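> build me a model from this:
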Amino acid sequence: MRTGKIRIGQSIKRQFALIFIGLMTGTIFLCWFINIMFLEQYYIRSKTEVIFDAYNSIRQAANSDTYSTEEFRRELDNVCGIYNITVYVMDANSQVRYASKNGGTELEKRLISYVFGFDMDAVKVVEEGDGYVVQRVQVGENEYLEMYGRLNAGISFIMCTPVESIRESVKVANRFLAYIGMIATLAGGIIIWLVSGKITNPILELNSISEKMVNLDFEAKYRGGARNEIDLLGENINKLSQSLEHSIAELKTANNELQKDIEKKEQMDEMRKEFLANVSHELKTPIALIQGYAEGLSEGINDDPESRGFYCDVIVDEAAKMNHMVQKLLTLNQLEFGNDVVNMERFDLTALVRNYVQSASILTKQNGIEVRLKEEGPLYVWGDEFKAEEVLMNYFSNAVNHCSKEKIIVISLERREDNIRIGVFNTGEPIPEEAMPHLWEKFYKVDKARTREYGGSGVGLSIVKAIMESMNRAYGAENYTNGVLFWFELEKA
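Numbers count the residues shown, from 1 in each chain. Modelled structure (predicted):
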């Protein structure tokens with residue numbers, strides 16, 4: 001898909017300006033041409049109509065015998081002054097009845113010559129009627145439009161107006177129109193260039209928005225007010241942008257969920273493979289021992305009751321270890337796959353810790369371990385009480401198995417803002433630093449020989465991790481010079 005800015009040659013703004021300038025130039029040229037061809041004739045026709053108006057006034061005055069009145073004179077004076085007409089009127093006795101102030105007396109000889117049939121100059125008859133003649137007369141270098149005739153009661157008249165002034169007016173008008181046309185075209189071109197920006201700028205803005213939409217950028221929005229078609233188009237593009245953004249967001253969400261499902265499936269496959277490999281490895285030793293001692297019993301290697309009892313004890317012990325490990329693996333499997341529901345409830349953490357320490361007192365006494373519990377009043381927390389006890393049990397059994405030196409286990413309850421931190425500390429050797437990041441991995445054992453000695457499976461801390469993550473709470477382990485501290489936190493109620 002080809003995208004990019006519109007070239008100048010294709011600019012709508014330029015096209016608008018050129019079309020407007022062309023139309024304006026053509027219109028002015030047409031007006032100028034019409035002026036040249038028809039304005040003079042129009043002026044002559046207009047002058048002829050004015051002469052006829054004056055003629056009608058004289059005729060009405062002759063019919064009513066009012067041509068000697070002051071009102072008649074004022075009316076003709078107005079016509080002569082406004083339209084530049086020269087008028088001369090005489091009666092049957094050749095006495096002047098009206099002569100315009102702009103040279104009316106000079107027309108006396110011309111009127112007499114026309115009355116008595118003498119043609120003094122070259123004439124061109126324009127119109128001839130009952131009692132009047134309209135003609136164009138050339139007098140030297142000047143041309144005139146004349147009207148003469150005879151009315152009732154022997155009244156004769158002559159009127160004329162110079163044609164040369166009409167021609168000069170046409171030239172002046174055409175020259176003025178040409179100047180004004182050039183100025184108007186230039187000014188109009190500038191104005192339309194600026195005004196067309198109001199039309200083209202929204203279009204360019206829409207083009208910019210569409211380019212961003214092509215690149216899946218939906219932040220830009222059209223800012224028009226929906227007052228015309230372009231603004232309505234902009235509003236529709238905004239709606240389209242929102243719809244596309246929403247649809248793409250849904251697609252991305254669905255794609256993300258699909259990706260998570262794929263990763264989860266791959267993770268589950270990997271966990272299944274790892275689970276099978278670890279279980280096979282962990283069960284290999286106890287199965288081999290059970291098989292070996294069972295074969296020894298069946299073959300009667302030692303017939304004395306004491307030896308048979310020892311063989312049976314080993315088989316029972318190894319079977320118990322296998323059962324314990326399988327139970328832990330089942331618990332871990334349920335936690336990791338989300339099949340175990342977390343039941344959040346409010347309970348007294350102090351009472352839970354105290355009860356567990358009392359129930360485990362036989363185990364600590366057998367191992368010669370001193371348990372120290374910092375007594376606290378009731379501390380209420382939110383969490384799954386059964387799972388919290390499972391975490392405490394794993395920490396405590398781990399502390400019993402690794403307790404050495406002074407053989408002291410310290411259980412602490414520490415208030416921390418919105419949380420309560422439960423810590424289980426045991427004296428003994430610190431955990432190697434390189435082993436700290438791997439403590440929570442399934443089947444990881446820091447000291448495999450010793451783990452085998454007390455029957456550890458390497459699953460307990462993985463169960464702790466799964467439980468704490470299911471409750472979205474923090475957990476961890478810290479080394480001290482004289483021992484190790486394991487801790488977890490619950491929300492204060």
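> tell me the helix or strand right after the helix or strand bottoming out on mean pLDDT in the chain.
Least confident helix or strand, the chain: helix 448-454 with a mean of 47, by mean pLDDT, DSSP states H and E. Sequence order places helix 460-470 as the next helix or strand after helix 448-454, per DSSP states H and E.
> which positions within the very next helix or strand once past that next one qualify as buried?
Next helix or strand after helix 460-470 toward the C-terminus (DSSP H and E): strand 475-480. Residues Y475, A477 are the ones in strand 475-480 that count as buried (16 or more other C-beta atoms under 10 Å). From N, CA and C alone the C-beta is placed, and that goes for glycine too.
> and the contacts of strand 475-480?
Strand 475-480 is contacted from outside by 391, 425, 430-431, 433, 436, 439, 464-465, 468, 484-489, using C-beta atoms under 8 Å, 6 or more residues apart in numbering.
> same thing but 6 Å
For strand 475-480, contacts defined as C-beta atoms under 6 Å, 6 or more residues apart in numbering pick out P430, I431, L439, M468, L485, F486, W487, F488.
> ok, the last one - contacts?
F488 is in contact with V391, I422, M468, Y475, counting by C-beta under 6 Å, 6+ apart.
> circling back: of the contacts of strand 475-480, which belong to helices?
M468 (DSSP state H).
> most widely separated two among the contacts of strand 475-480?
P430 and M468 (22.4 Å; C-beta to C-beta).
> more neighbours, these two?
Between P430 and M468, counting by other C-beta atoms under 10 Å, M468 is the more crowded of the two (21 against 13).
> which strand residues bridge the closest residue to the more buried one other than its chain neighbours?
Once flanking residues are discounted, M468 sits nearest to Y475: 4.2 Å by C-beta to C-beta, 6 or more residues apart in numbering. Y475 has these beta-bridge partners by DSSP bridges: F488.
> for whichever strand or helix holds V172, name the packing helices and strands.
Assessed by DSSP H and E, V172 sits inside helix 164-214. Packing partners of helix 164-214 (3 or more C-beta pairs under 6 Å, 6 or more residues apart in numbering; DSSP states H and E): helix 12-34, helix 40-64, helix 229-299.
> ranking the ones you listed by burial, who's on top?
Most buried of the helices and strands packed on helix 164-214 by mean neighbour count (mean count of other C-beta atoms under 10 Å) is helix 40-64; its value is a mean of 17.
> and whichever helix or strand comes after that one, which residues are buried?
Using DSSP H and E, the next helix or strand after helix 40-64 towards the C-terminus is helix 70-83. By neighbour count on 16+ other C-beta under 10 Å, the buried set for helix 70-83 is F72, R73, E75, L76, V79, C80, Y83.
> same check on stretch 376-388?
Neighbour counts over stretch 376-388 (16+ other C-beta under 10 Å) mark L379, V381, G383, D384, E385, K387, A388 as buried.
> the fifth one against F347, yeah?
Yes: when contacts are counted by C-beta atoms under 6 Å, E385 is listed as touching F347 (4.6 Å).
> want to throw the buried residues of helix 70-83 into JSON lines with distance to D313?
Shown next, in JSON lines, are these (distance: C-beta to C-beta, whole Å):
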{"residue": "F72", "distance to D313": "159"}
{"residue": "R73", "distance to D313": "159"}
{"residue": "E75", "distance to D313": "153"}
{"residue": "L76", "distance to D313": "155"}
{"residue": "V79", "distance to D313": "150"}
{"residue": "C80", "distance to D313": "153"}
{"residue": "Y83", "distance to D313": "146"}
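> quick one on the thing from earlier: got JSON lines for the helices and strands packed on helix 164-214, with mean pLDDT too?
Below are those laid out as JSON lines (pLDDT from 0 to 100):
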{"stretch": "helix 12-34", "mean pLDDT": "77"}
{"stretch": "helix 40-64", "mean pLDDT": "78"}
{"stretch": "helix 229-299", "mean pLDDT": "73"}
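> kindly present these as TSV, with separate columns for distance to E127.
Output for the helices and strands packed on helix 164-214, formatted as TSV (distance: least, C-beta to C-beta, whole Å):
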stretch	distance to E127
helix 12-34	24
helix 40-64	7
helix 229-299	56
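> which one of these lies closest to E146?
helix 40-64 (8.5 Å).
> tell me the angle of the closest one relative to helix 164-214?
130 degrees (axes from the mean of the first three to the mean of the last three C-alpha atoms, to 10 degrees).
> how about residues contacting helix 40-64?
Taking C-beta under 6 Å, 6+ apart as the rule, helix 40-64 contacts 67, 72, 75, 79, 83, 145, 147, 151-153, 155, 157, 159, 161, 166, 170.
> ok, 8 Å please
Contacts of helix 40-64 (C-beta under 8 Å, 6+ apart): 66-67, 69, 72, 75-76, 79-80, 83, 85, 87, 89, 126-127, 132, 134, 145, 147, 149, 151-153, 155, 157, 159, 161, 163, 166-167, 169-170.
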